[in-house]
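K.L.:
Sequence first, then the predicted structure, then my questions.
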Amino acid sequence: MPALEYPSAVAHIFAPAASGRSKCRGCGQPIKRGELRFGECLPNLFGEGEMTLWFHPLCAAYKRPQPLLEGLAETSENVPDRESLERTALTSVAHRRVPRIDGAERSPSGQARCRSCHEPIGRDAWRIRIVFYLEGRFSPGGYIHLTCRKAYFETAEVLDQILRFSPALSDADRQDFIRTAGSEQA
Ligand SMILES: [Zn+2]
Ligand SMILES: [Zn+2]
């Protein structure tokens, strides 16, 4: 029986998407055919061999910064926007809760409590979705008040990331989100 290998023993890859059918694990959107994608390789937890999680490189920089940085260090591919990807990933590595950001939405009820201040999040108020990564999966982890973002994430520079992971929001919603975030800043 082979010994378990440490995750650092597997190589991450950058490769163009062969079809338009793969979906990004970070944002849930399709990865266009021919677009360079990032593959996080990890031991297959459900069987033999390895499994690969595919991401848009920027989505990986936000949500899986450490594997992305390892991949950038190893790859011989010409990765577009390499420096800004590195910067984004280093910011995510430096703030341990930032990779949990999974977008924003209006609270459909007043029942959920904020993970940061533990107060209820009012109906229709903006809330930030949180996910936890564990062994190849992102699991829902609750919500944060938009106003509690700095207290929770320990940086206020999270709006671009929040919007990236909110593909379902309309343009009007995005503008309202940005306006609300700006008016609530101390
Ligand atoms: Zn993505
Ligand atoms: Zn709160």
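P.N.:
In hand now; what should we look at? Ligands and ions are numbered 1, 2, ... in the order given.
K.L.:
Going by C-alpha atoms from here, please, whenever you check contacts or count neighbours.
P.N.:
Fine.
K.L.:
what's near enough to touch the residue nearest in space to the middle of the chain?
P.N.:
Residue closest to the average C-alpha location in the chain (CA atoms, centre = their mean): Lys63, at 3.2 Å. Neighbouring residues of Lys63 by CA atoms under 8 Å, 6 or more residues apart in numbering: 26, 92, 98-101.
K.L.:
Could you dump those residues into CSV and include secondary structure?
P.N.:
Formatted as CSV, these follow (DSSP: H, G, I helix; E, B strand; the rest coil):
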residue, secondary structure
Gly26, coil
Ser92, helix
Val98, helix
Pro99, helix
Arg100, helix
Ile101, strand
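K.L.:
Give me the subset of the residues you listed that also touch ligand 1.
P.N.:
Residues of these in contact with ligand 1 (CA under 5 Å from the ion): Gly26.
K.L.:
Nearest to ligand 2 among the contacts of Lys63?
P.N.:
Ile101 (14.8 Å; CA to the ion).
K.L.:
Who is the closest one paired with across the strands?
P.N.:
Counting by DSSP bridges, Ile101 forms beta bridges with Ile130.
K.L.:
where's it relative to ligand 1, distance?
P.N.:
13 Å (CA to the ion, to the nearest Å).
K.L.:
Over to Thr52?
P.N.:
Distance, Thr52 to ligand 1, using CA to the ion: 15 Å.
K.L.:
Look at that residue and give its secondary structure.
P.N.:
Going by three-state DSSP: Thr52 is strand.
K.L.:
need the contact list for it.
P.N.:
Thr52 is in contact with 39-42, counting by CA under 8 Å, 6+ apart.
K.L.:
let's go with 10 Å and repeat that
P.N.:
Applying CA atoms under 10 Å, 6 or more residues apart in numbering, we find Thr52 in contact with 12-13, 38-44, 136.
K.L.:
The chain against ligand 2: which residues are in contact?
P.N.:
So the chain meets ligand 2 at 114, 117, 145, 148 (CA under 5 Å from the ion).
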